[in-house]
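*Asks:* Just need the structure, nothing else, for what follows:
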Amino acid sequence: MTDQSLTITPEMTMEQILSVAPAAQRALFQRYHVGGCSACGFQPSDTLSQVAKDHNILDIKDMVETIIRAETMDRERQINPDEVRALTAGSEDFTFVDVRTPDERTDAEAEGAEPLDYDASDKYMSLPKDRRIVFICANGDRSLDVASYFLGHGFENVFAVRGGLEAWVASR
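*Replies:* As a prediction, this is how the structure comes out:
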């Protein structure tokens with residue numbers, strides 16, 4: 001399922017695309033190796049058509065569909081802070097993981113979240129694939145990356161807190 005209200009055209013600049021579809025950066029890099037480093041980068045003023053031409057991508061329609069699919073998936077994988085608080089207050093058993101670095105965790109706390117144990121990644125990979133797992137980071141970007149990683153490893157019920165800890169603190 002894709003978001004039919006999201007419009008991306010080949011004439012749009014990358015700046016315009018990223019403002020309506022932040023997932024475009026990750027999607028284009030994953031699918032086409034575009035935009036992840038200086039060798040494969042683009043300028044905010046480049047149009048999608050120009051990026052396709054510069055990287056020898058012939059099917060611009062596929063690029064647009066890739067961006068829309070990624071943005072739709074990101075939107076479906078986000079959960080509001082109040083929904084997470086309701087989960088922690090309720091009886092549902094789920095895992096809530098703070099993926100910020102130890103230095104970042106000194107700023108503020110997401111009540112009920114366990115800090116990610118970077119040395120014991122198998123701890124999380126051994127959880128049941130249908131287990132509800134919610135990730136939080138500083139602003140929601142890294143937690144979406146982590147949720148995508150888990151989706152790619154067969155987990156079905158993973159989410160990222162929309163807006164991250166910034167939204168978590170603001171919604172108190």
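
*Asks:* hey, where'd the strands end up in this structure?
*Replies:* Applying DSSP state E to the chain gives strands spanning 78-79, 95-98, 114-115, 133-136, 158-161.

*Asks:* Mind putting the ones you listed into CSV with distance to residue 68 and mean pLDDT?
*Replies:* Yep, even glycine has a C-beta here, placed from its N, CA and C like the rest. Output for the strands of the chain, formatted as CSV (distance: least, C-beta to C-beta, whole Å; pLDDT from 0 to 100):
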stretch, distance to residue 68, mean pLDDT
strand 78-79, 16, 96
strand 95-98, 28, 95
strand 114-115, 34, 93
strand 133-136, 23, 97
strand 158-161, 19, 96
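
*Asks:* can you redo these as CSV with mean neighbour count and distance to residue 18?
*Replies:* Below are these laid out as CSV (neighbours: other C-beta atoms under 10 Å; distance: least, C-beta to C-beta, whole Å):
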stretch, mean neighbour count, distance to residue 18
strand 78-79, 19, 17
strand 95-98, 20, 26
strand 114-115, 12, 30
strand 133-136, 26, 22
strand 158-161, 26, 18
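
*Asks:* Export those to a markdown table and append columns for distance to residue 5.
*Replies:* Shown next, in a markdown table, are these (distance: least, C-beta to C-beta, whole Å):
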| stretch | distance to residue 5 |
| --- | --- |
| strand 78-79 | 16 |
| strand 95-98 | 31 |
| strand 114-115 | 36 |
| strand 133-136 | 26 |
| strand 158-161 | 21 |
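
*Asks:* Pick out the residue closest to the middle of this protein.
*Replies:* Central residue of the chain (C-alpha atoms, centre = their mean): residue 144, 2.6 Å from the mean position.

*Asks:* How confident is the prediction for that residue, by pLDDT?
*Replies:* Note on residue 144: pLDDT of 91.

*Asks:* got a pLDDT number for residue 120?
*Replies:* Confidence for residue 120, expressed as pLDDT, is 77.

*Asks:* wait, residue 81
*Replies:* Reported pLDDT for residue 81: 96.

*Asks:* What of the one 3 residues further on?
*Replies:* Looking at residue 84, its pLDDT is 95.

*Asks:* Quick check, it in contact with residue 134.
*Replies:* Yes: Residue 84 is within contact range of residue 134, at 5.5 Å (criterion: C-beta atoms under 8 Å).

*Asks:* Right, I'll call it a day here.
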